[in-house]
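Trainee: A predicted structure for the sequence below; I have some questions about it.
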Amino acid sequence: MEIQKEAEKVLKELSEALGEINLSETYYVVEEINITRSGGEAKVDERFKEIIKKNAPKLDEEGSFVMEVGKWVE
Amino acid sequence: MDTEEKVSCYLDKIKKENKKINAFIELNPNALEEARKIDRKIRHGKAGKLAGLAIAIKSNINVRGLRATCASKTLENYVSAYDATVIERIKREDGVIIGMTNMDEFACGSSGETSYFGAAQNPAAIGRIPGGSSSGSAAAVAADFCDAALGSDTGGSIRNPASHCGVVGFKPTYGLVPRYGLIDLAMSLDQIGPIAKDVYSTALMLEVIAGYNPRECTTINAPKQEYSKNLSKDIAGCKIGVASEFEEYTDPKIMGAIKKALKKLETLGAEIVEVQLPNLGKGLSAYYLTVFVEFFSATRKFDGRRYGCKIEEVCGREVLRRILLGKYISQKEYSGKYYKKALQFRSLIKQELLAALKNVDVIAGPTVPKLPHKLGEKITDPLVMYGYDVLTVPTNLAGIPGGVIKAGEVEGIPVGLQLQGAPLSEQKILNVMYAFEEEVSG
């Protein structure tokens, strides 16, 4: 609750400091965004999979991820 | 001294002194073995540009096999499964990654104090903050724990600690250095850049990590530059812009040191020209409102399902505050009120800086408006802490490059001179920094 109150104060002060303006928005400063980039050549990196599995909180006997869906949905 | 001996010396020093400085979160257990391989390459005349250099990496950049913790409990045990593009490039040029450095949690901070692993010390002013968010990277360079380091800069996170620790730091043009493998704070503002002991090493690091990455949507396809080879201390006729607005926000003692540095540049043949930046202060609001939204979006993947912990359950106060603010602003009904407005002011700041840079080669001024506070001195009002960034955030909003070099000292504490230039004017900025460094070192 205390953080929530602080956050409200921060938001109020920052937005009030700006005032009004009529300009177009700048999302990215680069002029050309490489949206249609190619993914490059696909390659399998076994070490990647190995480390990712070590990072996982829980795996089953077959090595698949076990996740708590309910907790996440909340 | 060969690479193995050098890395060994650094590791010994870190083992003895890191308890006090707290610059490193983790050391690379393979550093000596990698150094030996590089020594063999050197003997065969096949070594890359960074051969012989020990490089520290901020803990929000992925290095395969080492932990990318972002100095947060959220990712305390997260081991990187791949190398960021900048790391691939450093390894290709035979730099030795010596370890992962401390930082503000998820880069949310300008003091280094929000780290889950405890604040880093300022080796140049013991008892004071090193600045942030790349606190450990700047502290590691200042403490002579490595030759150079990588940091990331979203609103000053390379330049602020470089200034407080008395080292050289550089934030490149947005898009010049690939962000692939950098854990976001705010994707439209983040840039990776070097921190080093001198301008030559900074230029060398920058030329290695810069360059187009076809896999990434915001890298610039600019010609490759050899910044280190093209360094020149001849700045005769160089026009250096100075804005009177800098004085409104800056401690007069710091301004005194900056003015002395400008005098030195004038004696080297540079011309000091006044420029106008009337909306400088508004940059802070535009920056933070943008960061809150982008950071909230970036943290949605930290749900604890596949790795780590759910961020809201374990993060520190500042991270939680930013998540709450970002969530609030992101609600559709408020977008026009805050985020859209922030992006409009971002356009204004960009226009203003680019207009000023049409008449000068670089803009010079202070980096941080205050001296670093004492460690443990609690700053409870977040707006006061955000104020530390007022002079550095405009650079990120405009996407332009900015470098910092030690201008002098105030009460024995380093103060950094910040130089900003037009997009892709890295060489110009580095040359002014180089000329200044040569003049000061005699």
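Mentor: Sure thing, it's come through.

Trainee: any idea how far B:Phe302 is from the residue nearest to B:Asn102 when sequence neighbours are not counted?
Mentor: Nearest in space to B:Asn102, with sequence neighbours left out and distances taken as C-beta to C-beta, 6 or more residues apart in numbering or on different chains, is B:Gly136 at 3.1 Å. C-beta coordinates here come from the backbone N, C-alpha and C atoms, glycine included. The spacing between B:Gly136 and B:Phe302, counted by C-beta to C-beta, to the nearest Å, is 21 Å.

Trainee: Tell me which of the two has more neighbours.
Mentor: Relative neighbour count places B:Gly136 above the other of B:Gly136 and B:Phe302, with 37 against 25, counting by other C-beta atoms under 10 Å in any protein chain shown.

Trainee: which residues does B:Gly52 contact?
Mentor: B:Asp2, B:Thr3, B:Lys6, B:Ile38, B:Ile42, B:Asp94 (C-beta atoms under 8 Å, 6 or more residues apart in numbering or on different chains).

Trainee: helix/strand/coil for it?
Mentor: coil (DSSP: H, G, I helix; E, B strand; the rest coil).

Trainee: ok, now the one 4 residues further on?
Mentor: Three-state secondary structure (criterion: three-state DSSP) places B:Ala56 in strand.

Trainee: Ok, B:Asp83 next?
Mentor: Going by three-state DSSP: B:Asp83 is coil.

Trainee: In contact with it, which residues are there?
Mentor: For B:Asp83, the contact set (C-beta under 8 Å, 6+ apart) comprises B:Asn62, B:Val63, B:Arg64, B:Lys91, B:Gly181.

Trainee: ditto for B:Lys73
Mentor: Contacts for B:Lys73 (C-beta under 8 Å, 6+ apart) come out as B:Tyr116, B:Cys309, B:Val314, B:Cys315.

Trainee: what does the model give it for pLDDT?
Mentor: The per-residue pLDDT reported for B:Lys73 equals 98.

Trainee: ok, it to B:Gly112 distance?
Mentor: In this view, B:Lys73 and B:Gly112 are 17 Å apart by C-beta to C-beta.

Trainee: So B:Asp190 is in contact with B:Thr154, correct?
Mentor: Yes - counting by C-beta atoms under 8 Å, B:Asp190 sits close enough to B:Thr154 to count as a contact (5.0 Å).

Trainee: B:Lys340 contacts A:Leu23, correct?
Mentor: No - counting by C-beta under 8 Å, B:Lys340 stays clear of A:Leu23, with 10.6 Å between them.

Trainee: neighbours of the nearest residue to B:Asn60 once chain neighbours are set aside, just the number please.
Mentor: Closest residue to B:Asn60 apart from its sequence neighbours, by C-beta to C-beta, 6+ apart: B:Ile183 at 4.4 Å. Applying the criterion other C-beta under 10 Å, we find 26 residues in the vicinity of B:Ile183.

Trainee: B:Ile183 and chain A, how far apart?
Mentor: 14 Å (C-beta to the nearest C-beta, to the nearest Å).

Trainee: what's the answer for B:Tyr227, then?
Mentor: 20 Å.

Trainee: Identify the residue spatially nearest to the residue of chain B found nearest chain A, adjacent ones excluded.
Mentor: Residue nearest to chain A within chain B (C-beta to the nearest C-beta): B:Gly399, separated by 2.8 Å. Nearest non-adjacent residue to B:Gly399, counting by C-beta to C-beta, 6+ apart: A:Val29, 2.8 Å away.
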